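Trainee: Sequence and predicted structure are below.
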Amino acid sequence: YSANSEIDNQSAIQARVEDEVSKGLMIYTTSVCPYCKKAVALIEEMGATYNNVQLDKDPDGADIRAELKNRTGRTSVPSVWINGEYAGGLNDGGLGGLATLSKAGQLKELLVNSGALA
């Protein structure tokens, strides 16, 4: 164990998350979260393309969750990102959350602009 290897790992996690959230639609979930399932269902119903990391299945899941907390102040999932901007979860956070944006008629435009929806 060394402090340098921990810093290197943290840098690698930061770079990974930056890459994952920077383009299109990215959703961080867990396999057992009902709000995550609803968020993914909403996106799939719209026909949008997205990337998904299940934090409870990914070997770096705990470190990714810590990095998301650094970026958003929240550890809750789903954590939804559209072209590098934190959109929130299902009902709150960031831009208001997927369901909130959908009800307000704003989600489709965000997804089209991000390239996630034709």
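Mentor: Received, thanks. Numbering: from 1, shown residues only.
Trainee: what about the helices in this protein?
Mentor: 3-21, 34-46, 61-72, 98-103, 107-114 (DSSP state H).
Trainee: Turn those helices into CSV, columns for mean pLDDT, mean neighbour count and distance to Glu85.
Mentor: Heads up, the C-betas are built off the backbone N, CA and C, glycines and all. Shown next, in CSV, are those (pLDDT from 0 to 100; neighbours: other Cβ atoms under 10 Å; distance: least, Cβ to Cβ, whole Å):
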stretch, mean pLDDT, mean neighbour count, distance to Glu85
helix 3-21, 86, 13, 8
helix 34-46, 97, 16, 16
helix 61-72, 96, 16, 11
helix 98-103, 96, 20, 11
helix 107-114, 95, 17, 8
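Trainee: Quick one, which of those helices gets closest to Leu90.
Mentor: helix 34-46 (4.4 Å; Cβ to Cβ).
Trainee: any idea of the angle the closest one forms with helix 107-114?
Mentor: Inter-element angle recorded for helix 34-46 and helix 107-114: 70 degrees (by axes from the mean of the first three to the mean of the last three Cα atoms, to 10 degrees).
Trainee: Run through the neighbouring helices and strands of helix 34-46.
Mentor: strand 25-29, helix 98-103, helix 107-114 (3 or more Cβ pairs under 8 Å, 6 or more residues apart in numbering; DSSP states H and E).
Trainee: average pLDDT for the first one?
Mentor: So the one you mean is strand 25-29. Strand 25-29 shows a mean pLDDT of 98.
Trainee: May I see the helices and strands packed on helix 34-46 arranged in TSV, with distance to Ile64 as well?
Mentor: Shown next, in TSV, are these (distance: least, Cβ to Cβ, whole Å):
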stretch	distance to Ile64
strand 25-29	7
helix 98-103	19
helix 107-114	21
